[in-house]
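Peer 1: Any chance you can model this:
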Amino acid sequence: MSIVVDQITKYYGSQKALDKVSFNIQEGEIVGFLGPNGAGKSTMMRILTTYLNPDEGHGTVNGHDLITASKAVRSSIGYLPEQNPLYPEMYVREYLQFSASVYALSDVQHRIDTIIGETGLDSHAHKKISELSKGYKQRVGLANALLHQPKVLILDEPTTGLDPNQLVGIRQLIRKVGQHTTILLSTHIMQEVEAMCDRVIIINKGKIVADDYLADLKSDAVQEIEVEFDYKVEPELLQQINKVREVEDLIKQQGFYYRLKFETTEDMRSAVFDFAHDNELRILALNKRNKNLESMFQELTKD
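Peer 2: Residues are numbered from 1 along each chain as shown. Next comes the predicted model:
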């Protein structure tokens, strides 16, 4: 296991920020770590990077205990915090040389040349960091986090403030890095998680409320069927359908357009069609809405 979190709890005074949180991340996984503001994401990531100690429970990163082997943990991970801590007065190559000396790397120039090429910084390596765009500053932060070839990469909001073109570049870079590195990625941009991650962990109020592969999480979500009739149908009639007894909610839309929610993974369009036929109702449109991560996130984290 690259990351093991076992019953970790953290308090800030009397407030419980993390409540017996547990999860494991296998080697080579790219995992999205999601939650609303104040849910405990940043606290968990600070514990995994040994900036904070848990009050209860324990964990390991790359087999190293978070408390008793914190130095070994820090040596084996790459970390890009939300506030990218760069030295703006330094040149890109100079900054990476400084970082390489901190890690006491061998064959420094070859490693720097390699990481500059991998992160697309070739044409900017001789520029001051203060002269770079937000996107290229993020690339420098990633280059620094990857310089010592860590086995685990922890990214906190790595795409915040980037324009669409920069988003594409950083997304491609993270996917490329994920081919040989375990990545834990925290972000508020759901589309980025769907584009980059295979698995999602959602935390709310200090507790894990979902931990599954994205495809499975979608298949387990509440299903919505959109149906349009050629005249008004009373909700009571729809809710009496024997074949559609799993109806959880019915939302009246404009005109004769209805949205039905079902607590089942079975495709219920045929049942709606059969009901309409049996009750001599004419259907003008019948669609199944695909659930996205944003709607699932809202369902799982609502009060």
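
Peer 1: From here on, just use CA atoms for contacts and neighbour counts.
Peer 2: Noted.

Peer 1: Poorly predicted segments of the stretch 151-300 of the chain, please.
Peer 2: Within the stretch 151-300 of the chain, the segments meeting pLDDT under 70 span 218-223, 231-235, 237-256, 263-265, 289-291.

Peer 1: In terms of residue numbering, what are the domains of this protein?
Peer 2: Segmentation of the chain into domains, based on automatic domain parsing, reads 3-218, 221-301.

Peer 1: So which of those domains has the densest surroundings on average?
Peer 2: Per residue and on average, the most neighbours among the domains of the chain fall to domain 3-218, with a mean of 18 (mean count of other C-alpha atoms under 10 Å).

Peer 1: how distant is that one from the center of its chain?
Peer 2: Using C-alpha atoms, centre = their mean, to the nearest Å, the mean C-alpha position of domain 3-218 is found 11 Å from that of the whole chain.

Peer 1: now do stretch 287-297
Peer 2: Relative to the chain's own centre, stretch 287-297 is displaced by 16 Å; criterion: C-alpha atoms, centre = their mean.

Peer 1: Between its first and last residues, how far does that stretch reach?
Peer 2: 22 Å (C-alpha to C-alpha, to the nearest Å).

Peer 1: ok now do residue 84, which residues does it touch?
Peer 2: If you count contacts by C-alpha atoms under 8 Å, 6 or more residues apart in numbering, residue 84 has them with 137-138, 141.

Peer 1: Reformat those into CSV and put secondary structure, pLDDT and distance to residue 119 next to each item.
Peer 2: Converted to CSV, the contacts of residue 84 look like this (DSSP: H, G, I helix; E, B strand; the rest coil; pLDDT from 0 to 100; distance: C-alpha to C-alpha, whole Å):
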residue, secondary structure, pLDDT, distance to residue 119
137, helix, 93, 11
138, helix, 90, 10
141, helix, 94, 10
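
Peer 1: Please identify which of those residues is nearest to residue 45.
Peer 2: Taking C-alpha to C-alpha as the measure, residue 45 sits nearest to residue 141 out of the contacts of residue 84, at 16.9 Å.

Peer 1: How about the contacts made by the closest one?
Peer 2: Residue 141 makes contact with 80, 84-86 under the criterion C-alpha under 8 Å, 6+ apart.

Peer 1: For the residues you listed, give me TSV that also has secondary structure and pLDDT.
Peer 2: Shown next, in TSV, are the contacts of residue 141 (DSSP: H, G, I helix; E, B strand; the rest coil; pLDDT from 0 to 100):
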residue	secondary structure	pLDDT
80	strand	92
84	coil	88
85	coil	89
86	coil	95
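
Peer 1: And these, which is closest to residue 94?
Peer 2: Relative to residue 94, and with distances defined as C-alpha to C-alpha, the nearest of these is residue 86, at 11.7 Å.
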